[in-house]
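Q: predicted structure and sequence below. I'll ask about it afterward.
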Amino acid sequence: MPTFSPPDFTQLLIACGNGDKEALDRLVPIVYDELRQLAGRQMRRERSDHTLQTSALINEAYLRLIEKPVSWQNRAHFFGIAARLMRQILVDHARARQSSKRGGSRQRLALSEALDAGQDMATDIIALNDALTSLAAIDPQQSRIVELRFFGGLTIEETATVVGVSHTTVEKDWNMARAWLRRQMMK
């Protein structure tokens with residue numbers, strides 16, 4: 001589970017954003033390890049025969065993270081961007097696979113805790129992405145919370161730090177968003 005306590009990570013992110021090459025050398029293994037943890041949690045939710053390997057998800061996320069210079073604010077900012085990138089990568093992969101099969105079976109993703117605590121429900125990642133996009137138009141904060149919790153694997157506390165709201169607000173929005181998404185995805 002990612003932790004937000006080490007100030008060294010935040011300091012390295014900021015120094016790296018300011019062009020410090022030594023900070024970049026120290027940061028790369030840390031970032032890669034954090035991405036490995038995020039990707040590992042995400043891929044455990046995927047079906048066992050998923051064609052995208054965890055290492056490919058890590059590498060793609062890393063390449064996208066370093067592609068454009070980012071003015072990192074802190075560790076929470078890093079996790080927020082990493083969660084969004086992993087969402088994009090998984091959705092892009094699902095769309096590419098679907099289009100290569102000319103509308104064949106869509107990729108299935110077990111939402112487990114993300115949308116249904118206690119039920120082992122599988123759902124379509126493209127439909128989830130579409131539902132999250134619709135939710136973002138209605139309530140961007142709830143959409144962001146789902147993205148961080150589901151795609152980033154963050155806890156309630158970590159999500160509260162990233163979004164900049166209280167633990168209670170995240171819990172309330174998380175519950176409301178799950179109910180809204182569940183209704184949308186059953187349509």
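A: Arrived safely, thanks for sending. As the structure is a prediction and not an experimental result, all values here were calculated from the model. Residues are numbered from 1 along each chain as shown.

Q: for this structure, what spans make up the strands?
A: 108-110, 122-124 (DSSP state E).

Q: can you give me the pLDDT of residue 7?
A: Reported pLDDT at residue 7 in the predicted model: 54.

Q: could you do residue 143 as well?
A: Residue 143 is given a pLDDT of 95.

Q: pLDDT averaged over the longest helix along the chain - what is it?
A: In the chain, taking DSSP state H as the definition, the longest helix is helix 75-100. Taken as a whole, helix 75-100 carries a mean pLDDT of 80.

Q: likewise for stretch 175-187?
A: 89.

Q: buried set for it?
A: For stretch 175-187, burial by neighbour count (16 or more other Cβ atoms under 10 Å) applies to 177-178, 180-182, 185. Where you see a C-beta, it was placed from the backbone N, CA and C, and this is true even at glycine.

Q: against residue 28, how distant is the residue lying farthest from the centre of the chain?
A: Using Cα atoms, centre = their mean, the residue of the chain lying farthest from its centre is residue 22. It sits 28.0 Å away. Distance, residue 22 to residue 28, using Cβ to Cβ, to the nearest Å: 11 Å.

Q: and residue 186, by the same measure?
A: 43 Å.

Q: again, but for residue 159
A: Distance from residue 159 to residue 28, by Cβ to Cβ: 26 Å.

Q: and residue 66, by the same measure?
A: 9 Å.

Q: what's the answer for residue 127, then?
A: Residue 127 is 35 Å from residue 28, by Cβ to Cβ.

Q: one more: residue 85?
A: For residue 85, the distance to residue 28 - Cβ to Cβ - is 16 Å.

Q: more crowded one of those two?
A: Between residue 85 and residue 28, counted using other Cβ atoms under 10 Å, the more crowded position is residue 85 (22 against 14).

Q: check contacts around the more buried one.
A: By Cβ atoms under 8 Å, 6 or more residues apart in numbering, residue 85 lies in contact with 61, 64-65.

Q: among those residues, which one has the most neighbours?
A: Neighbour max across the contacts of residue 85 (other Cβ under 10 Å) = residue 61, 26 neighbours.

Q: isn't it up against residue 34?
A: No. Using Cβ atoms under 8 Å, residue 61 is not in contact with residue 34; the gap is 10.0 Å.

Q: what residues are shared contacts of these two?
A: Joint contacts of residue 61 and residue 34 (Cβ under 8 Å, 6+ apart) are residue 82.

Q: which residues in this protein form helices?
A: 7-17, 21-44, 54-67, 75-100, 125-138, 140-146, 156-163, 167-186.

Q: low-confidence ranges in this structure?
A: For the chain, the stretches with pLDDT under 70 are 1-7, 42-51, 69, 99-123.

Q: again, 50 this time
A: 1-5, 102-123 (pLDDT under 50).

Q: with that, I have no additional questions.
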